[in-house]
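J.: Okay, predicted coordinates and the sequence, questions at the end:
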Amino acid sequence: MTQQPEQRKPKWLRKMEQESWQPELIISGAAILGSLQLPGLLMQFENYCLLNFDRDTLFIAYVTVVYWRLLATGLIFTFIFHFIVRALWIGLIGLNSVYPGGFKTNDKFSAHYQEHMREAYGDIDGFIQRLDRLGSGIFGVAFGIAGVFVNFGLVGLGLVFVHSWLMGMGLDPRQILLLIACVLSPLLLISVLVMLSHTRRFRDTPFVRRYQWPVAMLISRFTYPVARRYITTSTNLVTSYYADSKAFVLYFAGGMVLIIVVGMATMLTDDNVPFFLDRVYHRMANDSTRVMDAYPEEGDYTGIYYRPELDESVSVSDSVLAVWIPLPDRETAFMYANCSVAEVDKDLPPEQRNPRERARTLACAREYLSLQLNGRPIERFDLRRQYRHNEAGKQFGVLAYIAQAPLVEGPNLLRVTAKYPEEESGEPRISYLTFYSQE
């Protein structure tokens, strides 16, 4: 492969390459600060998914969220590592300018020790150049690989919203997955064939010579909708230099292992992961021995509500119990789909349609929920719609008023049974609320 001669480069470009460390440090510092904001933004996106998507869409959203968290963590560590390399480089340049000429011979250390020292570490200028190349390489490769992963992540986000939209249109989840597979499978198959066409057996055949390049460019247009030219240039520039190296496969394998380790660590440290796993969510509140979590001040809870909550505005000692029951979209979608109350005509004007839809929501919730207090079924309870706001977002639920509640002095146990089925057994979701009453 022919290289572009150095003398053909414009003078300003050669100067820029030699002094690229200056903008690198500025951009790297900004990138570190920016990437540190990504986990918080991802948490907000996770909350949005958990509150607004159905069960089937949440699985795709879960994969997408793990992917983006992996990308964010990788970017943070990469830019910090680049900053450290550049700091070491600048520090060594400073030492080399203060102490020019390298190691100075002295009488405090043995002559043979100093000789070995100069042989092993005497090439300070060479070490500075290697640090310079390492820093620039990390910087360029980081943005190139980040571009690849960002584009894949954008495709994943698109699939999440398309899946949710198709679910809202009434399509069966299996039909949606089949449709997505029909769209993505040909692209994946062609990508694999293009990779195989680079093998020695096929690379020089007339068919491959004619179609390999245009097909590869067509795939790149779909794969990299954003910054395609930069991503293709940077990634191919790096791989072209290391493709023939025997260590290339080892680097690739090591990178994959590192990605898996970081991905597992990301999953384990994400508090929202259990909510995405529907089986886990189904049993999260099914614990009659656990009381509500205590917080220093009212309203300090910042996460997703998954168990009933007492309404503090109504005193428990008045034989009246007010309990807020969260109903995220994963449950309301099932509730509406299995409600016996007829749907409201969409052609009605808003001033007529909206009150009827709200009344239908409460009627469906009345069918969907059943309550027991201290082992006694509660047949009569009044429901009202209510949103609760915290850092996780605007969370919908119903406020149940239980008049003449069969309270007992001391601990009380409220059991809320929702018809939301467990994926395999089909058992309804049960959640408990333990509280104390003083009569």
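T.: Done, it's in. Remember, it's a predicted structure, so these values are computed and weren't measured experimentally. Residues are numbered from 1 along each chain as shown.

J.: now the farthest one out in this structure, which residue is it?
T.: Ranked by distance from the centre of the chain (CA atoms, centre = their mean), the top residue is residue 107, with 59.6 Å.

J.: Check the secondary structure at it for me.
T.: For residue 107, the secondary structure call by DSSP: H, G, I helix; E, B strand; the rest coil comes out as coil.

J.: per-residue confidence for it?
T.: At residue 107, the predicted lDDT confidence score is 86.

J.: now do residue 20
T.: On the pLDDT scale, residue 20 is placed at 65.

J.: start the count at 109, not 1, going forward
T.: Understood, numbering begins at 109; the last thing we discussed is residue 128.

J.: As a check, name the ranges of all strands in the stretch 409-547 of the chain.
T.: Secondary structure of the stretch 409-547 of the chain (DSSP state E, counting those that start in this stretch): strands at 417-418, 428-434, 477-481, 484-486, 490-498, 501-511, 518-529, 536-545.

J.: can you tell me which of the ones you listed comes nearest to residue 332?
T.: Residue 332 lies closest to strand 501-511 among the strands of the stretch 409-547 of the chain, at 31.9 Å (CB to CB). Where C-beta positions appear, they are placed from N, C-alpha and C, glycine not excepted.

J.: mind putting the strands of the stretch 409-547 of the chain in CSV, mean pLDDT included?
T.: Below are those laid out as CSV (pLDDT from 0 to 100):
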stretch, mean pLDDT
strand 417-418, 89
strand 428-434, 91
strand 477-481, 95
strand 484-486, 93
strand 490-498, 92
strand 501-511, 92
strand 518-529, 93
strand 536-545, 91
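
J.: Show the low-confidence segments of this protein, by residue range.
T.: Counting by pLDDT under 70, the chain shows low-confidence ranges at 109-129, 355-357, 359-360, 400-407, 424-426, 547.

J.: Going by the annotation, which residue ranges form each domain of it?
T.: Per automatic domain parsing, the structural domains of the chain span 124-357, 386-545.

J.: closest to residue 376 out of those?
T.: Closest approach to residue 376 among those (CB to CB): domain 124-357, 11.0 Å.

J.: Assign the spatially most central residue of the chain to helix, strand or coil.
T.: In the chain, the C-alpha closest to the average C-alpha coordinate belongs to residue 173, at a distance of 2.5 Å (CA atoms, centre = their mean). Taken by three-state DSSP, the conformation at residue 173 corresponds to helix.

J.: for the strands of the stretch 409-547 of the chain, which one ends up most surrounded?
T.: Between the strands of the stretch 409-547 of the chain, the one whose residues have the most neighbours on average, counting mean count of other CB atoms under 10 Å, is strand 428-434 (a mean of 21).

J.: What pairs with that one, parallel or antiparallel?
T.: Each strand that strand 428-434 pairs with, and the sense of that pairing, follows from DSSP bridges: strand 417-418 (antiparallel), strand 501-511 (antiparallel).
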